[in-house]
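Peer 1: take this sequence and fold it.
(one chain, ligands or ions: 1)
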Amino acid sequence: MSPSRWAAWKVAALGAALGVVAVLTARDLASAADYRRRAEASAKVERGRRLVLTHSCNDCHTPVKMGPRGPVRDLSRMLSGHPASAPVPVEPALEGPWVTAGSATGTAFAGPWGVSFTANLTPDENTGLGIWSEEMFIEAMRTGRHFGASRPIQPPMPWRSLALMTDEELKAIYAYLRTIPPVTNPVPDYQPRVCSAIEN
Ligand code: HEC
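Peer 2: Model prediction:
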């Protein structure tokens with residue numbers, strides 16, 4: 001082989017080797033970025049899970065059922081709100097010093113505002129938060145308005161304290177709620193007390 005052809009071969013081989021290194025490096029960088037994105041997303045979901053647990057969402061949004069030693073959370077219906085299968089309780093007559101009452105499922109509440117039923121927070125398309133955007137969720141928690149825009153959200157939903165959360169915390173809660181098992185459960189509509197629905 002003539003010296004000039006040999007030099008050309010060497011340049012070509014070096015070029016090919018550099019090309020392989022470049023492709024491999026780009027692939028590594030892409031998978032490192034992908035890994036970081038996935039790690040951040042799962043840290044966000046985990047943060048949301050902890051916020052949901054520490055802010056008692058289950059206490060009102062997960063129905064209770066009777067166990068051998070008393071009422072326990074029905075985790076097969078976790079965060080799915082007041083069960084559509086439960087009878088819609090007739091508003092109790094609240095008299096004297098008693099002004100509020102709760103249903104046996106722990107998911108319906110009666111008081112001067114009427115009767116409120118906890119919402120289905122699972123990602124079910126039609127009966128849960130399926131169609132809710134992150135913005136709607138944050139807006140509802142911040143303004144205390146149903147869907148972030150319409151009627152006032154009624155007691156005992158503690159939106160005033162949740163409104164104090166940072167955007168990051170509310171986004172983490174929303175991200176977690178998108179990951180829980182969807183449960184189809186059409187919660188009954190809020191029943192205002194005729195003259196005294198609470199205007200927040
Ligand atoms: C003390 C009981 C209680 C707790 C605790 C609670 N909620 Fe609620 N929540 C309710 C009730 C009752 C409603 C239904 C109110 C209504 O229909 O106006 C509701 C409604 C909602 C809605 C629907 C709002 C809308 O626009 O209609 C969302 C979303 C929600 N809660 C999220 C949460 C999250 C997230 C947590 C925990 C961080 C939580 N709730 C904790 C009682 C509670």
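Peer 1: report the rounded mean pLDDT for stretch 150-163.
Peer 2: Averaging pLDDT along stretch 150-163 yields 97.
Peer 1: wait, I meant stretch 186-197
Peer 2: Averaging pLDDT along stretch 186-197 gives 80.
Peer 1: tell me, how many neighbours does P63 end up with?
Peer 2: Number of residues near P63 (other Cβ atoms under 10 Å) recorded here: 27. Any C-beta I mention is one placed from the backbone N, CA and C, and that applies to glycine too.
Peer 1: once you drop chain neighbours, what's closest to it?
Peer 2: T105 (4.4 Å; Cβ to Cβ, 6 or more residues apart in numbering).
Peer 1: secondary structure class of the residue lying closest to L121 once chain neighbours are set aside, three-state.
Peer 2: Nearest non-adjacent residue to L121, counting by Cβ to Cβ, 6+ apart: L79, 4.3 Å away. Here L79 is recorded as coil under DSSP: H, G, I helix; E, B strand; the rest coil.
Peer 1: and for T127?
Peer 2: Recorded secondary structure, T127: coil (three-state DSSP).
Peer 1: how much space between it and W9?
Peer 2: Distance, T127 to W9, by Cβ to Cβ, to the nearest Å: 69 Å.
Peer 1: of these two, which one has the most company?
Peer 2: Ranked by neighbour count (other Cβ under 10 Å), T127 and W9 place T127 first, with 18 against 11.
Peer 1: skip the chain neighbours and tell me the closest residue to that one.
Peer 2: Nearest residue to T127 in three dimensions, chain neighbours excluded: P186, at 4.5 Å (Cβ to Cβ, 6+ apart).
Peer 1: so that neighbour sits against G128, correct?
Peer 2: No. Using Cβ atoms under 8 Å, P186 makes no contact with G128, being 9.5 Å away.
Peer 1: just confirm R27 is within a helix.
Peer 2: Yes. The assignment for R27 by three-state DSSP puts it in a helix.
Peer 1: N58 and the ligand, how far apart?
Peer 2: 8 Å (Cβ to the nearest ligand atom, to the nearest Å).
Peer 1: residue ranges with poor pLDDT in the chain?
Peer 2: Counting by pLDDT under 70, the chain contains low-confidence ranges at 1, 89, 194-200.
Peer 1: OK, contacts around the residue nearest the centre of it?
Peer 2: The chain has L177 as the residue nearest its centroid, 2.4 Å off, counting by Cα atoms, centre = their mean. Applying Cβ atoms under 8 Å, 6 or more residues apart in numbering to L177 gives the contacts G48, V52, L79, L121, T122, P123, L129, F137.
Peer 1: now P83: closest residue in space that isn't a chain neighbour?
Peer 2: Excluding its sequence neighbours, the residue lying closest to P83 (Cβ to Cβ, 6+ apart) is P63, at 5.2 Å.
Peer 1: what residues does this protein have near the ligand?
Peer 2: 52, 55-57, 59-61, 109, 116, 118-119, 121, 140, 146-147, 153-154, 156-158, 162, 173, 190 (Cβ under 6 Å from any ligand atom).
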